[in-house]
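Trainee: structure, please.
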Amino acid sequence: MNADEIIKEGKRVLEVEIEALTRLHDALGDDFVAIFDEIIKKRGKLVITGMGKPGHIAKKLAATFSSLGTPSFCLHPAEAMHGDLGMIGPEDTVIAISYSGESDEIVKILSNIKLIGATLVAITGNADSTLAKAADLVQVLPKFDEACNLGLAPTSSTTAVLAYGDALAVAASKEYGFNDADFGRFHPAGSLGKRLILRVDDLMAAGSRMASVSSHGLLMEAIKEISKKRLGAVCVVGKDGGLEGIITDGDIRRAVADHKDIYAVTVNEIMTSSPKRTHLGALAIDALVQMKDQNINCLPVERDGELAGMVTWQDIVGAGIVA
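Mentor: So this is what the prediction gives:
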């Protein structure tokens, strides 16, 4: 095929799958609501199974449900026949995916699922199939063509089931009141999760690592503190422990350029009074956005009016958070 023919074929596949999704969209009704109600009862786990290509969809959907607040796992039907049925309990809900409803590996475990006492939900394209007849709840998919040029390989059908499962998972998470904090707890290693859970408390320099000097000290003391702590700035602290100002390495360079006597000038002559700041408990991403917007490199962190630490943009970006 030449370039035009390749693009034409690609568009044809997308058009067929879009048509399948449109038909699915229009077909959603009482069956979707009934399956949704079953899922949110949350008596036990949600088990999703399928063979072949639907099995891959089952894995993805189990992961999506779990990440959005519905405990779920994927069960391989062939492994189920060799002991993995023990993973299912009577309080669980099993979603079995088979467009034909006659997949041999699925059919062979249906009676055992019923014996265990789990609720069986079928997602199929065949209302008269063995799977549909055995299930407690059934979603019959509308008729549509597979996008495969042979009309054989699961393409439109797996896309439709994937979208259907996503719709259930998202709707369930909304019903639970699942929020960004919940999402962050389930995604601690990803960049999205870090943006939602990492706070300045987790990243700031505090205690002996924090750079600070007395408001009555000399500039030379501030220079030594900046050099020692390597934060690029030093906080100026009053007698009451409150933040009175900040001196950056840029302030020091300007003082030297202006021929200031760094051994005689005091910090309060050089410092920026009432500097920008954040507070303990603030999200790291919010602190990074603040620094970016205000064109600064660090932020003092306060707790109840007292200096608690200092966080730099390097600390936040180094933790994998990008504004």
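Trainee: summarise which helices and strands the longest helix that the chain contains is packed against.
Mentor: Ranked by residue count and defined by DSSP state H, the top helix of the chain is helix 3-27. Here helix 3-27 touches helix 156-176, going by 3 or more CB pairs under 8 Å, 6 or more residues apart in numbering; DSSP states H and E. (C-beta placed from N, C-alpha, C; glycine too.)
Trainee: show me what the helix it packs on is packed up against.
Mentor: Using 3+ CB pairs under 8 Å, 6+ apart, the elements in contact with helix 156-176 are helix 3-27, helix 30-40, helix 53-67, strand 119-124.
Trainee: can you tell me which of these is most buried?
Mentor: Stretch with highest mean neighbour count among the helices and strands packed on helix 156-176: strand 119-124 (a mean of 26; mean count of other CB atoms under 10 Å).
Trainee: contacts for the longest helix of the chain?
Mentor: By CB atoms under 8 Å, 6 or more residues apart in numbering, the surrounding residues in contact with helix 3-27 are 1, 141-147, 149, 155-157, 159-160, 163-164.
Trainee: quick one: closest of the helices and strands packed on helix 156-176 to Gly318.
Mentor: Of all the helices and strands packed on helix 156-176, helix 53-67 sits nearest to Gly318, with 25.7 Å by CB to CB.
Trainee: pLDDT of that closest one, averaged?
Mentor: The pLDDT scores in helix 53-67 average 94.
Trainee: the next helix-or-strand element following that helix packs against which elements?
Mentor: Of the helices and strands lying after helix 53-67 in sequence (DSSP states H and E), the nearest is strand 72-75. When contacts are defined as 3+ CB pairs under 8 Å, 6+ apart, strand 72-75 packs onto strand 46-50, helix 53-67.
Trainee: just send the ones you listed back as JSON lines, with distance to Glu225 too.
Mentor: Formatted as JSON lines, the helices and strands packed on strand 72-75 follow (distance: least, CB to CB, whole Å):
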{"stretch": "strand 46-50", "distance to Glu225": "56"}
{"stretch": "helix 53-67", "distance to Glu225": "45"}
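Trainee: nearest to Ala222, of these?
Mentor: Across these, closest to Ala222 is helix 53-67 (CB to CB), at 47.4 Å.
Trainee: turn the helices and strands packed on helix 156-176 into CSV, including distance to Leu288.
Mentor: As requested, the helices and strands packed on helix 156-176 are exported to CSV (distance: least, CB to CB, whole Å):
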stretch, distance to Leu288
helix 3-27, 38
helix 30-40, 37
helix 53-67, 25
strand 119-124, 43
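Trainee: hmm, Arg195 is touching Asp286, no?
Mentor: No. Applying CB atoms under 8 Å as the test, Arg195 and Asp286 come out as separate, 9.5 Å apart.
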